[in-house]
Structures are given as C-alpha cells and as structure tokens.
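S.K.: Pasted the sequence and its predicted model underneath.
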Amino acid sequence: MRVQLYKPDSGQQYDITGACASVTWKGSASSACRTLDFAYVNDPYDPTIKIPAVSVGDLVSLEDEKEGEVFYGQIFGIEKSSDIGTITFTASDPMKHLLESKGQYNFQNVTPEAITMQVAADVQFPLRYADGIPSIYVTGVNIASLICDQMSLYDIIMAAYTKAHKITGDKYFAMIYKRGLGVYKAEWIVNGFTLSDSSNITASNFSESMDAIVNRVKVYDDKGNQIGEVNDADSAGKFGIFQEVYKQEDGVDPTTAATKMLKVKPQQKIKINALGDINCLSCYYVMLHDAATGLSGRYWISSDSHTWQNGVHTMELELEFEAIMNTKEVKEEDKDKKSKSKKKEASTK
C-alpha cells in the first residue's frame with residue numbers, strides 16, 4: 001500500500017505513506033462516493049518534521065502492489081489542530097462532483113446509457129473504458145420520458161437506470177474505477193476468494209429484521225383508481241400484511257413493476273471483520289462460509305471499509321443476501337396539465 005499526495009498548484013508529488021499512521025478506504029452502495037481517510041503526523045512545534053502540509057484541493061491516490069491505483073480523489077475540507085500526534089484528512093473520489101452538481105433535462109425516447117453519456121459529456125466527466133468501450137451498462141430500454149428538474153447529476157443517471165430496473169428487474173450501480181465513471185449490473189463476484197472462519201474471518205455478527213418486508217402492492221393509475229394488485233400470500237400469512245402502492249408509469253408494465261417491489265422475507269444483515277482483500281468492494285458479491293453464524297453461500301457487499309495500520313490490512317464488510325439498488329425517482333409530469341398545454345398550443349396556431 002502506498003499513499004501519494006499531489007499539489008496541483010505546484011505540480012509537486014510526494015510519497016506520504018511513512019507519515020500516515022493508518023489509512024482507511026471505504027464505500028457503500030448507498031453513498032456511491034468512495035473516500036480515503038488517512039491519519040497524518042501532526043506536530044506544528046517540531047521544525048525537524050519535514051512532511052508536506054495538506055491543503056484543500058490537494059489530490060491523493062492509494063496504490064496497491066497488485067492492482068495498482070485503486071483510489072484517486074481530492075481533499076474537499078481540512079481542519080488543523082495544535083494537538084501533537086495525528087490529524088485525519090478525508091479525500092473523496094470524483095463521484096462527489098456528480099453528487100453535488102445539478103442539472104436540468106427533459107429526456108424523450110432515450111436509453112439510460114445514452115442519458116449517462118450525455119450527462120457525462122455535458123460536464124466533461126471522464127468515463128471508464130474497457131477494451132475501448134465505455135463501461136456504461138447497455139440496457140437497451142427505451143425511456144419515453146424523464147424530466148429532471150434541478151437534480152444532482154448522479155441522481156439523474158440513477159433515475160434513468162431505475163426506470164430500466166422496473167422493466168428488466170436487474171439492479172445497477174455507478175462507481176468510479178481507475179479515475180473513470182462506470183455503470184454496472186450488480187452481478188460481479190470477487191473471484192478466487194472466500195470469507196471463511198477457518199482462514200480470514202476474525203469476527204462475525206448476524207441480525208434479521210422484518211422492517212423492510214413488503215408482501216402486498218396495490219397498483220393505481222394516474223387518476224388514483226386502483227387497477228391491480230400483487231401479493232405474496234405465504235409471507236402475509238406468516239408475518240402479517242405490509243403494503244405498498246405503485247402508481248402506473250408510461251412505458252412500464254405495472255404488474256411487473258409492482259412485483260419487483262415485493263420483499264417477502266426478513267432482511268438479513270451480516271457484519272464481517274476479516275483480513276483484507278483489496279477486491280472486496282461494495283456492490284460486489286463474495287462467497288462466505290462461517291460456521292459461527294451458520295451462513296454459507298454467495299452474499300452481496302453493501303458496504304466496505306479497508307484499513308491499513310502497522311503493516312496489516314484488515315476490512316469490515318456489511319453483507320446482504322440480495323443486492324439492493326440505490327433507486328432514484330423523478331416527478332412524473334401531470335398528464336392532465338400536459339394535455340391542456342397541448343390543446344392550448346393547438347388553439348393558438
């Protein structure tokens with residue numbers, strides 16, 4: 001593991017690995033932006049300590065011996081202290097720009113992948129390429145209308161893929177890898193690696209909750225009339241009825257979309273502490289065999305935190321049985337208002 005500090009104003013580059021007491025690289029499916037925390041030597045009264053000061057706007061990279069650069073981000077804020085010891089700085093990857101920048105669009109008859117490419121091009125945001133092809137998952141789903149009113153650029157991209165999710169049932173996630181944006185289907189697995197209590201797990205915890213259960217979904221049209229219902233009788237009989245509603249959308253089969261909303265089993269949460277593997281990242285699947293909790297099989301990583309300290313790489317993972325998509329919704333244009341607007345336009349011609 002190596003940490004590099006870049007000064008964009010002067011063009012200087014420093015290897016600050018030796019000045020970092022610990023380094024933590026983390027991310028989660030819900031936050032999208034990955035961060036790097038590093039505890040940096042701090043003694044403002046000792047003139048013999050010759051290390052570069054960290055400033056807002058500085059760039060930081062984390063390199064792995066096998067994988068090369070795994071993180072590249074920017075320091076967005078700092079807090080200096082007179083305390084002797086270490087001070088922790090946080091760098092965020094470029095996804096922060098998409099999360100905090102807003103846009104306004106009115107997309108008609110276009111795919112999520114085309115929307116992503118346009119949004120990225122409009123702000124000159126770099127894409128991740130593999131074999132010369134953008135790593136933007138191709139759904140082939142045509143979106144009749146997507147009206148984005150002052151939404152974050154990240155939310156716009158994920159709103160488009162949420163539309164596709166309602167049709168395909170697939171789950172998608174966006175992430176920065178090798179300094180470029182990619183959108184992927186949640187199907188990747190950490191190859192050649194198993195979390196096991198006999199080799200790398202140091203602690204594990206399992207919990208189960210009914211909080212997320214949905215076993216009945218009532219379907220309504222745009223006028224508020226119920227036009228259908230989907231349910232799971234077994235789940236309702238065992239746990240009681242937990243109901244949601246779905247409002248019909250243009251271009252989306254309402255029964256299919258409502259069925260995708262069903263969550264008929266209790267939600268499982270698994271927390272694992274283990275020896276680190278750089279490839280165990282949020283939104284990836286990993287194999288697990290843990291006799292202590294009785295869990296065995298393929299699980300999905302919902303959050304990860306990798307720490308390097310005293311030459312040892314450890315990680316904390318939160319696992320779930322199934323992938324969860326960070327869905328984003330947009331306000332649907334009122335059909336009556338749209339119809340009246342068209343009639344008014346026609347009458348003035």
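M.R.: Yep, that arrived.

S.K.: Isn't residue 64 up against residue 278?
M.R.: Yes. Shown here, residue 64 and residue 278 form a contact pair, counting by Cβ atoms under 8 Å, at 5.0 Å. Yep, even glycine has a C-beta here, placed from its N, CA and C like the rest.

S.K.: what do these two both touch?
M.R.: residue 70 (Cβ atoms under 8 Å, 6 or more residues apart in numbering).

S.K.: Counting neighbours, what do you get for residue 265?
M.R.: 18 (other Cβ atoms under 10 Å).

S.K.: For it, give its distance to residue 237.
M.R.: Per Cβ to Cβ, to the nearest Å, residue 265 is found 13 Å from residue 237.

S.K.: again, but for residue 101
M.R.: 48 Å.

S.K.: Where does pLDDT dip in this structure?
M.R.: Counting by pLDDT under 70, the chain has low-confidence residues at 44-45, 47-49, 80-82, 332-349.

S.K.: Show me where the stretch 1-150 of the chain has its helices.
M.R.: 95-100, 112-122 (DSSP state H, counting those that start in this stretch).

S.K.: Tell me who's in contact with the nearest residue to residue 33 once chain neighbours are set aside.
M.R.: Counting by Cβ to Cβ, 6 or more residues apart in numbering, residue 33 lies nearest to residue 95, which is 4.1 Å off, once chain neighbours are set aside. Going by Cβ under 8 Å, 6+ apart, residue 95 touches 32-34, 154, 174-176, 181.

S.K.: Try it again at 7 Å.
M.R.: 32-33, 154, 176 (Cβ atoms under 7 Å, 6 or more residues apart in numbering).

S.K.: do residue 211 as well
M.R.: Here residue 211 is in contact with residue 267 (criterion: Cβ under 7 Å, 6+ apart).

S.K.: One more: the one 4 residues further on?
M.R.: By Cβ under 7 Å, 6+ apart, the residues touching residue 215 are 231-232, 235-236, 239, 241-242, 262, 264.

S.K.: cool, residue 74 as well?
M.R.: Residue 74 touches 57, 59, 91-92, counting by Cβ under 7 Å, 6+ apart.

S.K.: want to try JSON lines for those, with distance to residue 288 and neighbour count as columns?
M.R.: Shown next, in JSON lines, are these (distance: Cβ to Cβ, whole Å; neighbours: other Cβ atoms under 10 Å):
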{"residue": "57", "distance to residue 288": "41", "neighbour count": "12"}
{"residue": "59", "distance to residue 288": "36", "neighbour count": "15"}
{"residue": "91", "distance to residue 288": "30", "neighbour count": "25"}
{"residue": "92", "distance to residue 288": "29", "neighbour count": "22"}
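
S.K.: how is the protein carved up into domains?
M.R.: For the chain, automatic domain parsing gives the domain ranges 2-93, 97-185, 189-320.

S.K.: Now render the ones you listed as JSON lines, adding distance to residue 331.
M.R.: What follows is those, written out as JSON lines (distance: least, Cβ to Cβ, whole Å):
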{"stretch": "domain 2-93", "distance to residue 331": "21"}
{"stretch": "domain 97-185", "distance to residue 331": "7"}
{"stretch": "domain 189-320", "distance to residue 331": "11"}
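
S.K.: Minimum distance to residue 327: which of those has it?
M.R.: domain 97-185 (4.4 Å; Cβ to Cβ).

S.K.: what about the strands in the stretch 101-250 of the chain?
M.R.: 102-110, 129-130, 133-134, 143-152, 172-177, 180-185, 189-196, 201-209, 216-220, 226-231, 243-247 (DSSP state E, counting those that start in this stretch).

S.K.: which strands and helices sit next to the first one?
M.R.: In terms of contacts (3 or more Cβ pairs under 7 Å, 6 or more residues apart in numbering; DSSP states H and E), strand 102-110 is packed against strand 143-152, helix 153-168.

S.K.: Now with 10 Å, please.
M.R.: For strand 102-110, the packing partners by 3 or more Cβ pairs under 10 Å, 6 or more residues apart in numbering; DSSP states H and E come out as helix 112-122, strand 143-152, helix 153-168.

S.K.: try the fifth one
M.R.: Packed against strand 172-177 by the contact rule (3+ Cβ pairs under 10 Å, 6+ apart) you find strand 68-75, helix 95-100, helix 153-168, strand 180-185.

S.K.: Any idea what residue 42 is bridged to?
M.R.: Assessed by DSSP bridges, residue 42 has beta-bridge partners residue 85.
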